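Asker: Kindly generate the corresponding structure for this input.
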Amino acid sequence: MAAWIRRHTRYPSAARSRRVEGTPTVTFTVDVSGRVVSARLAQSSGDPDLDRAALGVLQGASVPAPPAELGAHVTRTAPFVFSLRD
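Answerer: Numbering: from 1, shown residues only. Reported below is the predicted structural model:
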């Protein structure tokens, strides 16, 4: 899941131009097919552009399906790292 997040996260241009870095944390729930059914900000990065970008990655997304033995819905919390050094 971490690799999927890294591939799909885009640095907001407004935050990049202000040279803002941060790591918002998002809690999300995925159904058995990998569809994200809910996502909420668990911890703010301190910058609204970065927070919105992190939430935007997951809202309405399809991610790798979780193993069936984990049940119909799986909830996880993940960091979204926005660093100008990467």
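
Asker: alpha carbons only for contacts and neighbour counts from here, please
Answerer: Noted.

Asker: What is the neighbour count of G22?
Answerer: Residues near G22, counting by other Cα atoms under 10 Å, number 18.

Asker: Could you do F28 as well?
Answerer: Residues lying near F28 (other Cα under 10 Å) number 20.

Asker: shaky segments in this protein?
Answerer: Low-confidence segments of the chain, defined by pLDDT under 70: 86.

Asker: hmm, try it at 90
Answerer: Along the chain, the model assigns pLDDT under 90 to residues 1-2, 60, 67-68, 70-71, 85-86.

Asker: Tell me the first helix or strand C-terminal of the top helix by length along it.
Answerer: Scanning the chain for the helix with the most residues, using DSSP state H, yields helix 48-58. For helix 48-58, the following helix or strand on the C-terminal side (DSSP states H and E) is strand 73-79.

Asker: Am I right that R16 is in contact with L84?
Answerer: Yes. Counting by Cα atoms under 8 Å, R16 touches L84, with 7.4 Å between them.

Asker: These two - which one has more neighbours?
Answerer: R16 (15 against 12).

Asker: Buried residues, the helix or strand hosting that one. List them.
Answerer: If you go by DSSP H and E, R16 is part of helix 13-17. Within helix 13-17, the residues scored as buried using 16 or more other Cα atoms under 10 Å are A15.

Asker: residues making contact with that helix?
Answerer: Under the contact criterion Cα atoms under 8 Å, 6 or more residues apart in numbering, helix 13-17 has outside partners E21, D49, L50, L84.

Asker: Just the buried ones among those, please.
Answerer: When burial is judged by neighbour count using 16+ other Cα under 10 Å, the buried members of the contacts of helix 13-17 are E21, D49, L50.

Asker: At the geometric centre of the chain, which residue do we find?
Answerer: Centroid-nearest residue in the chain, with Cα atoms, centre = their mean: A54, separated by 4.4 Å.
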